[in-house]
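Student: the following block contains a protein sequence and its predicted model.
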Amino acid sequence: MDQDTPAEAEARGPLDRERLGAELADRAGLSRIEVVDEIDSTNTELSRLAAAEPDSWGDLAVLVAEKQTSGHGRLHRPWASPAGSSLAVSILLRPHNASGRPLPTLGYSWFSPLAALALREALAQVAGIESALKWPNDVVVDGLKISGILAHLAPGAHGEPPAVVLGTGVNVSLSEDELPVPTATSASLAAGRPVDRTELLVRYLEDFSRRYRAFCAVDGNADAPLEGGRSLLSRVQDATITLGRRVRVELPGGRRLEGRATGLDRHGALQVVEDGGERHAVSAGDVVHLRPADGGYA
């Protein structure tokens, strides 16, 4: 591999922990942010901390790792990368609405696409990259995966409903020969220049926190208008590249569904219409693979 340029070497340097400290937490409304050198999985560790120390790890607590050794995505697919080349960040959510009541758990399915919108905005601001959502949990640039987002439940605090641990992995400074698969890309490759990992993380956390609080304020209703008058459902549908395409959905037990992806329902499930007109709503948890059915990008 060619030697990194000075700018590339700087981009691969450690995260700026001063910029990821108390000032950012106050500005973004985070309850806590911790950066560690190395960890097996930020999601696994944050879930453990949420259960063991619920009073110390509250809503919008953030755990970031310089290097993640045993990260994984959907269906336990491995996710690993060289040190300094990516972002591995998990956010603990204990959502309450404007009245202080726990958010209905039916709204939890929207946290992953909400995070994808926040990352999409951060990539545009920091790297000048136009990206899109690939249902159910990827962010892509020109059809190539740049990020995966994985949410799972964690113990609630003091008898409240379950919390959510929302993990995001972003390829930032990977070179072409470091990409895990040919269908992946990185922010630096897409932008054609080095991208500041710290700045990308700061913008992501700020934007996510703002969107999350607005969503909680409407009690987790994806149809409710947010700032600017548009609902979360509308914004996610507009950003999702899967919609309007013919798709083949592989389900557990070898079952298969093929048709056109026409939209998302109010719970975030993908609506698929078969050629005969039969309609199906497919949840993210039911999907083994979602593939293009006509050579397009699903």
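Tutor: Nice, thanks for sending it over. Numbers count the residues shown, from 1 in each chain.
Student: tell me, how many residues neighbour residue 202?
Tutor: For residue 202, the neighbour count with other C-beta atoms under 10 Å is 20. (Glycine included, C-beta is placed from N, CA and C.)
Student: helix, strand, or coil at it?
Tutor: Secondary structure, DSSP: H, G, I helix; E, B strand; the rest coil: residue 202 is helix.
Student: so it sits against residue 19, correct?
Tutor: Yes. The pair residue 202 / residue 19 is scored as a contact, 6.2 Å apart, by C-beta atoms under 8 Å.
Student: all helices of the stretch 1-150 of the chain, in order?
Tutor: 6-11, 22-28, 42-52, 111-127 (DSSP state H, counting those that start in this stretch).
Student: out of the ones you listed, deepest packed?
Tutor: helix 111-127 (a mean of 23; mean count of other C-beta atoms under 10 Å).
Student: other SSEs contacting it?
Tutor: strand 132-134, strand 138-141, strand 144-154, strand 163-171, helix 187-191, helix 197-217, helix 232-239 (3 or more C-beta pairs under 8 Å, 6 or more residues apart in numbering; DSSP states H and E).
Student: most tightly surrounded among those?
Tutor: Neighbour counts (mean count of other C-beta under 10 Å) averaged over each of the helices and strands packed on helix 111-127 peak at strand 163-171, with a mean of 25.
Student: now that one: how far from the chain's centre is it?
Tutor: In terms of C-alpha atoms, centre = their mean, to the nearest Å, the centre of strand 163-171 is set 6 Å apart from its chain centre.
Student: next one: stretch 180-194
Tutor: For stretch 180-194, the distance to the chain centre is 17 Å (C-alpha atoms, centre = their mean).
Student: any idea how this protein splits into domains?
Tutor: If you go by automatic domain parsing, the domain ranges for the chain are 6-236, 242-292.
Student: what residues does residue 187 make contact with?
Tutor: Neighbour list for residue 187: 123, 126, 127, 129, 146, 170, 171, 172, 173, 195, 200 [criterion: C-beta atoms under 8 Å, 6 or more residues apart in numbering].
Student: can you do 10 Å?
Tutor: 11, 86-87, 122-123, 126-129, 131, 141, 146-147, 170-174, 193-197, 200 (C-beta atoms under 10 Å, 6 or more residues apart in numbering).
Student: repeat that for residue 133.
Tutor: Counting by C-beta under 10 Å, 6+ apart, residue 133 touches 112-113, 116-117, 119-120, 139-140, 147, 149, 235-243.
Student: overlap in contacts of residue 202 and residue 19?
Tutor: Shared contacts of residue 202 and residue 19, defined by C-beta under 10 Å, 6+ apart, are found at residue 196.
Student: low-confidence ranges, the chain, go.
Tutor: For the chain, the stretches with pLDDT under 70 are 1-11, 70-81, 294-298.
Student: mind running it again at 50?
Tutor: Applying pLDDT under 50 to the chain picks out residues 1, 75, 296-298.
Student: quick check: the residue nearest the centre of it vs residue 230, distance?
Tutor: Computing the C-alpha centroid of the chain and ranking residues by C-alpha atoms, centre = their mean puts residue 149 first, at 3.2 Å. From residue 149 across to residue 230, the span is 21 Å (C-beta to C-beta, to the nearest Å).
Student: again with residue 94
Tutor: From residue 94 across to residue 230, the span is 26 Å (C-beta to C-beta).
Student: do residue 187 as well
Tutor: Look at residue 187 and residue 230: by C-beta to C-beta, they are 27 Å apart.
Student: this completes my enquiry, with thanks.
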